[in-house]
Structures are given as structure tokens and as C-alpha cells.
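In: Pasting the sequence and the predicted model now:
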Amino acid sequence: MPVPRAKCEDRRAAFAFRCFPRRIDIPVGLRKQSLNASQMSRRLANVLRRSGIRVLGDLQGRKVGDFARKRNCGFNTLYELDSLTRGPPYRAVALRGRVGEVGASHKKAAIAASFTIPESVWNLKFDELPITRRLASVVESIGARTLGDLNGRNPRELLRCKNCYWHTVAEIQQLIERAIRGDFDVGRIKQKAAAELLTLLEQGMAKLTRRENEILLARIGGLTFAEIGRRFGFTRARAQQVTAKALHTLRNIWGPKVPRLLDMVRRRLLISNASELTPALLEQWMGESSRGLRLSRKAHVRLIAALDADILLATKTEFLC
């Protein structure tokens, strides 16, 4: 089912706000300068004209992302506006007294506005992170294997790659923000691996589409793919396909965290000499940590088994084809 146009525009605007969070600050002495005196692309000039921007002062306090919904305003145009209104070019203009130098110097600002990635997250591998196929193709085409490989690269370089658009660059920016926030930091995994695993899985399920969530809940609730297909009005193969996609999302949505936690649960199962992972054993491992979880322990066991083939083989989950 195609995504409604309004929803696409909302997503585009949201991405733009993440990429360009800075408010525009125009020096007082330049606020009455006409935009006609500035060198910019025709596309940007048209976007600003349609937005009622006549002098530089009309941009004061606005965000670049505010223009994301305007017709013919893609990432390149937003990036040009962001570069045009940054501090260094305007300081140069103030010193020389010529607004026309903004256009000449904004290219230097654009080159300087590269991805900045802290060394603490440089080693995060793209094949362990939740990225789209499009972004995977882009980073592969430039030979980037880890997040650190993008440090110092300019977004314009990526936009020259095949099938790389402004929302792909925005996805990278969002990925960097999540990495800095610690969403993919395996070093933060607590001692209670089972509790953290189930917490992340339930949070991940909340991020699935409504249909994926419903089908996955039906699957871990004990229904076969054939029964799920009959319930939702499609084939058994389609039910299996949607379930596999949802499970793939849950494995990758927190980067390497979920695979690492599954490995810890698997090793704990071996160390404890337990023949299988049961709801009672999982409850014992969880203790009081299970109180804040929504799903039953039986559903959790089935979900863990569906995510890890080794645990599935050691667990009697009663999954049927």
C-alpha cells in the first residue's frame, strides 16, 4: 500500500529538522540587504521568493528545515541555504561590506560542513546497524564499512552516488545521533542479559508497523503461518514473509545489541545445563525485572526462539509450519 503524500511530506520535514536544527542568525547590519544581491541557485531563489523572503532579515530566527515542505526544495537546496546563512560567510561579508561574497564563500562553508563522528562510535559496522537497503548500497559504493569511515566526508560527496537522495543523507545523520546517544553501545549491556533483551525487543516491536506487529504477535501467540494467513486474508507464504521482515527489524534495530544479548542468553542456557528455555526458567532469570514487560513469558520464549536458530533447536516452542 503506497504511503500517503501528506505522510511522506511529514517524514521529509522531520528528517530536515534533524539535519538542520540550527536557527538562522543574520547580523543586524545585513538584515535589510536584498536577496537579489546574493549569489545563489535559481532553485533556492524561487523557494525563498515563494516563501515571502525578500531581504536577508526575513530569514532571521527561521530554521532551514522550515522550507522542507516547499515545492522543488530538496536536500541540496536546503543544504545550500544552510551553508549560505552560516556564520563564517557572513562574518566575511561584514568585514568586506559586500553581500555578493556570500555566494562565493558558501561553497567553502559547505565543504567544511562534513559528518563529524566521535571516535567512540567509529567501529560500529554498517552490517550490524539498522539501515535501509538504499543506504547499504551507498556506503558499499564508497567503500565505507564502519561509521568512522564517514568521518570528515561531505554529504555532497554521497549525493553524487547512484540512488542517494537527501533522505538517505538524513538517515545517516539520524544514525550518527543514535550512535552518540548510546543506542548501539554493547558496553552498556547490564548483567541481566535476559531482562535487557526482552526490554529492547518490546521497545522494538512498538516501532514496527501495525500490520507487522499484529502478525508477529499472532505468531508468537502460537498461530501457524496458515492460520495467520486466513486471519489476515492473505497466503501462508505472505504471512511467513511479513514475520521474517519483522524479526529482521528486531534483530537490527538496536545495532549489535540484540545479537550480542541473544548470544549471552544462549551461553547462559548452556552453562545452566538446562535442556530447554522455558517460561519458568526465563521468569527465574528475570526476577522483578519482568514486572514492566507487556508480553507473557511464553510469548517471550517463542520470540527469542524465532530470533535465534540455536535457541530454537534447544527449545520446545511448539512452533508449527
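Out: Now that the structure is in, tell me what you want to look at. Residues are numbered from 1 along each chain as shown.
In: ok, the residue lying closest to Lys125 once chain neighbours are set aside to Asp308 distance?
Out: Taking CB to CB, 6 or more residues apart in numbering as the measure, Lys125 lies nearest to Thr146, with 5.4 Å between them; neighbours along the chain are not counted. Where C-beta positions appear, they are placed from N, C-alpha and C, glycine not excepted. Here Thr146 is placed at a distance of 25 Å from Asp308 (CB to CB, to the nearest Å).
In: Compare the two and say which is more crowded by neighbours.
Out: Asp308 (21 against 18; other CB atoms under 10 Å).
In: I'd like to know how far Arg69 sits from Leu56.
Out: Counting by CB to CB, the gap between Arg69 and Leu56 amounts to 22 Å.
In: in the chain, what spans have low per-residue confidence?
Out: Confidence mapping of the chain against pLDDT under 70 gives the ranges 1-21, 36-39, 86-113, 188-191, 312-321.
In: returning to that earlier point: residues in contact with the residue nearest to Lys125?
Out: Contact criterion CB atoms under 8 Å, 6 or more residues apart in numbering gives Trp122, Asn123, Leu124, Lys125, Phe126 as the residues in contact with Thr146.
In: How about Gly148?
Out: Gly148 makes contact with Ile117, Glu119, Val121, Trp122, Asn123, Leu124, according to CB under 8 Å, 6+ apart.
In: Check Asp149 too.
Out: The neighbours of Asp149, taking CB under 8 Å, 6+ apart as the test, are Val139, Ile142, Gly143.
In: tell me the secondary structure for the first one?
Out: Pointing back at Val139 there. Judged by DSSP: H, G, I helix; E, B strand; the rest coil, the three-state class of Val139 is helix.
In: List the residues that contact it.
Out: Residues in contact with Val139 (CB under 8 Å, 6+ apart) are Phe126, Ile131, Arg145, Asp149, Leu150.
In: re the thing from before, give me the buried subset of the contacts of Thr146.
Out: The neighbour-count test (16 or more other CB atoms under 10 Å) applied to the contacts of Thr146 identifies Leu124, Phe126 as buried.
In: Adding secondary structure and distance to Leu200 as columns, could you present the contacts of Thr146 in CSV?
Out: Formatted as CSV, the entries for the contacts of Thr146 read as follows, by DSSP: H, G, I helix; E, B strand; the rest coil; distance: CB to CB, whole Å:
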residue, secondary structure, distance to Leu200
Trp122, coil, 23
Asn123, coil, 20
Leu124, coil, 16
Lys125, strand, 19
Phe126, helix, 20
